[in-house]
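Asker: build me a model from this:
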Amino acid sequence: MTGASCAFLQTMTDIRSLLELPELRMRLRTGEELLDREVSRIFVTELPDPTRYLYAGEIVLTGLLWWHGPADADRFVAAMAAAGSAALAASGADTEGIPDDVVTACSRHRVPLLEVPPDLSFAVITERVVLALAGSGGTGADARTRLLSTAAAEPSLPTLVEHGSSELGMRCWVLSATGRVVAAAADVPFDPRQLATTFLRQSIPRVVHDEGYTMLPIAARATIPWLLVIAGETNRWNSGTFAVAEELAGLVELDRTRSTRLREVGDRTADPLFRLTGGGTVTEGELGTALSGTRLTADDSVRVLLATVAGGSATQAQDLLTEVLADLPGRVALGMAGDTACALVEDREWPADWREHSEERLARLAALLLKQRVLVGIGGPTTTAGLRGAGEEARRALEAATRSTDQVVVLSGEQAGMHQLLLAGAPDELRRSLRQRAIGPLLAYAAAQGTELTTTVRVYLECSASPAAAAKRLHVHVNTLRYRISRASELLGVDLGEFTNQVDIYLALRSEGD
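Answerer: Prediction:
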């Protein structure tokens, strides 16, 4: 998790009382004289510079993933001190303990430092601190307590949003940044995609307004943030309304984190299937266990999806797959096929327009948030027996997609065509060598004469070697077309009327995307 907050406007909880919570087992490292500072909220982040997201009175919770040396520590803690943060709670699980320079920076900038046990989940800490804050009184405390009781008794996001709407007296919705409706307490009277776009264009501050709606970010720094949409503008809100709205946003984020963890645990049972998809081998026992854990059978039809984010991580690619597959009725398992993010999707009621729909969602994110290319390759459908082949098909489709100039490409093996899959599988050096050998004279002639002879040959072959059809497509006279093809045949030293020659020349032309 890169950023999260559960915020309250009035509390009476201080650092000392949180240190005394036995279930958290936090230990004070520095700042004993500052333990009477009041705590207003908790904020989870791994950003190297969290300045723009900090509020006064926050406990900042971090796993120190941003730390690489003393300069990092001083920059991070100085930002907290400038913002008036109450304390830093840090886990040294990934750094073999809290580094000394973090302790020194906290002492220098007068920021209390609480050491979090490495085995304690951040979700547990956040929930327990939220409960402590809610129990401390203040504006909206009763409503917040009722929301917390709902979250504890009924682990259902739609139910939580419905209760939040009731407490606020305003309709509420949860959207993903792609415009997907995650949960709703009422019918959606607005365009979710337009509202999500407005939200993304604001660089995800704490609150965004748009024509009678207020939007609060949920997991703002996640690959795909969510937003809590509330019908009403904040100029009519009192402090209690703010408190309940931010409480609801925090609880939605906790529900999202919990659901993600549960899904990840379930997906681990599918590891043998991902290994098979990536070209590896599995035992009969492993295969049976994986199928049982994913509630699939050996005869079920599945599709294989592979995804990459240019310059990004496999985690980002997995998050994108999770988003675009969220509405499908069939079972979805996420993992890694080799070094590539992979999804295995039950082929039940696969929408005919899924590719176009997913490209539209991903394009919005790529343009406004990721600023990177997103590529998806699809193989199958197939049964378990054909997973290795479907995985290879998806990988070739993914490689073919890299040759497009579009920012977002979702390509299936069926759509790519067999020749594209075969070309994608050939090493670059081999493709270049065969291309030069097959059509080198044609390329040299076109470069020297400034003609469009290569385009003419490609169109002629795509028109099934029909001079009339190719001439019509190129807007030239059919005799002109015949002359150009005759000249190309002379340069190449082959008869372009022969089918085998046509295949060779066409593959050579397409080998570099011509």
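
Asker: now do the same contact list for the residue nearest to Ser107 when sequence neighbours are not counted.
Answerer: Computed as Cβ to Cβ, 6 or more residues apart in numbering, the closest residue to Ser107 that is not its neighbour in sequence is Thr30, at 4.6 Å. The way it works is simple: take the backbone N, C-alpha and C, and place the C-beta from them, glycine included. Each residue near Thr30 by Cβ atoms under 8 Å, 6 or more residues apart in numbering is listed here: 103, 106-107, 112-113.

Asker: before we move on, what about Ala86?
Answerer: Contact partners of Ala86, counting by Cβ under 8 Å, 6+ apart, are 15, 37-40, 57-59, 112.

Asker: just to revisit the earlier point, who wins for most neighbours among the contacts of Thr30?
Answerer: When neighbours are counted by other Cβ atoms under 10 Å, Cys106 leads those with 26 neighbours.

Asker: turn the contacts of Thr30 into CSV, including secondary structure.
Answerer: CSV is the format used below for the contacts of Thr30 (DSSP: H, G, I helix; E, B strand; the rest coil):
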residue, secondary structure
Val103, helix
Cys106, helix
Ser107, helix
Pro112, coil
Leu113, strand
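
Asker: let me see the ranges of the helices in the stretch 401-514 of the chain.
Answerer: With DSSP state H, counting those that start in this stretch as the criterion, the stretch 401-514 of the chain has helices at 413-416, 418-425, 428-449, 453-462, 467-474, 478-492, 499-510.

Asker: confidence-wise, which of the contacts of Ala86 comes last?
Answerer: The member of the contacts of Ala86 with the lowest pLDDT is Ser40, and it reads 75.

Asker: just give me the neighbour total for it.
Answerer: Counted with other Cβ under 10 Å, the neighbours of Ser40 add up to 22.

Asker: give me the distance between Lys371 and Val309.
Answerer: If you measure Lys371 against Val309 using Cβ to Cβ, to the nearest Å, the figure is 10 Å.

Asker: more neighbours, those two?
Answerer: Val309 (22 against 11).

Asker: circling back: by mean pLDDT, show me the worst of the helices of the stretch 401-514 of the chain.
Answerer: When mean pLDDT is averaged over each of the helices of the stretch 401-514 of the chain, helix 418-425 scores lowest at a mean of 53.

Asker: just to revisit the earlier point, dump the contacts of Thr30 to JSON lines, plus distance to Asp255.
Answerer: Supplementary listing: those in JSON lines, determined by distance: Cβ to Cβ, whole Å:
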{"residue": "Val103", "distance to Asp255": "34"}
{"residue": "Cys106", "distance to Asp255": "32"}
{"residue": "Ser107", "distance to Asp255": "37"}
{"residue": "Pro112", "distance to Asp255": "30"}
{"residue": "Leu113", "distance to Asp255": "30"}
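
Asker: pull the most distant pair out of the residues you listed.
Answerer: Spanning the widest gap among the contacts of Thr30 are Val103 and Pro112, at 11.1 Å by Cβ to Cβ.

Asker: below-threshold pLDDT in this structure: ranges please.
Answerer: Under the criterion pLDDT under 70, the flagged ranges of the chain are 1-12, 94-95, 134-145, 148-155, 203-206, 235-236, 238-239, 414-434, 451, 511-514.

Asker: domains of it?
Answerer: 3-134, 141-264, 269-425, 430-510 (automatic domain parsing).

Asker: just the buried positions in the lengthiest helix in the chain, please.
Answerer: Using DSSP state H to assign secondary structure, the helix with the most residues in the chain is helix 239-268. Taking 16 or more other Cβ atoms under 10 Å as the basis for neighbour counts, the residues of helix 239-268 that come out buried are 240-257, 267.

Asker: tell me where the stretch 201-350 of the chain has strands.
Answerer: Counting by DSSP state E, counting those that start in this stretch, the stretch 201-350 of the chain has these strands, from start to end: 208-210, 213-218, 226-231, 302-309, 332-337, 340-346.

Asker: which helices and strands does the third one pack with?
Answerer: Here strand 226-231 is seen to pack against strand 172-176, helix 192-201, strand 213-218, helix 239-268 when contacts are counted using 3 or more Cβ pairs under 8 Å, 6 or more residues apart in numbering; DSSP states H and E.

Asker: render the CA-only coordinates of the second one in CSV, please.
Answerer: This file holds the C-alpha atoms of helix 192-201, laid out as CSV (Å, rounded to 0.1, in the frame of the first residue of the first chain):
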residue,chain,number,x,y,z
PRO,A,192,-18.9,7.2,-13.9
ARG,A,193,-16.2,7.4,-16.6
GLN,A,194,-16.5,11.2,-16.8
LEU,A,195,-16.4,11.7,-13.0
ALA,A,196,-13.4,9.3,-12.7
THR,A,197,-11.6,11.3,-15.4
THR,A,198,-12.2,14.6,-13.6
PHE,A,199,-10.8,12.9,-10.5
LEU,A,200,-7.7,11.7,-12.2
ARG,A,201,-7.0,15.1,-13.8
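
Asker: from the rest of the structure, what touches that helix?
Answerer: Here helix 192-201 has contacts from 173, 175-181, 208, 210, 213, 215, 217, 227, 229, 364-365, 368-369, using Cβ under 8 Å, 6+ apart.

Asker: apply the buried test to these and list what passes.
Answerer: Neighbour-count burial within these applies to 173, 175-180, 208, 210, 213, 215, 217, 227, 229, 364-365, 369; the criterion is 16+ other Cβ under 10 Å.
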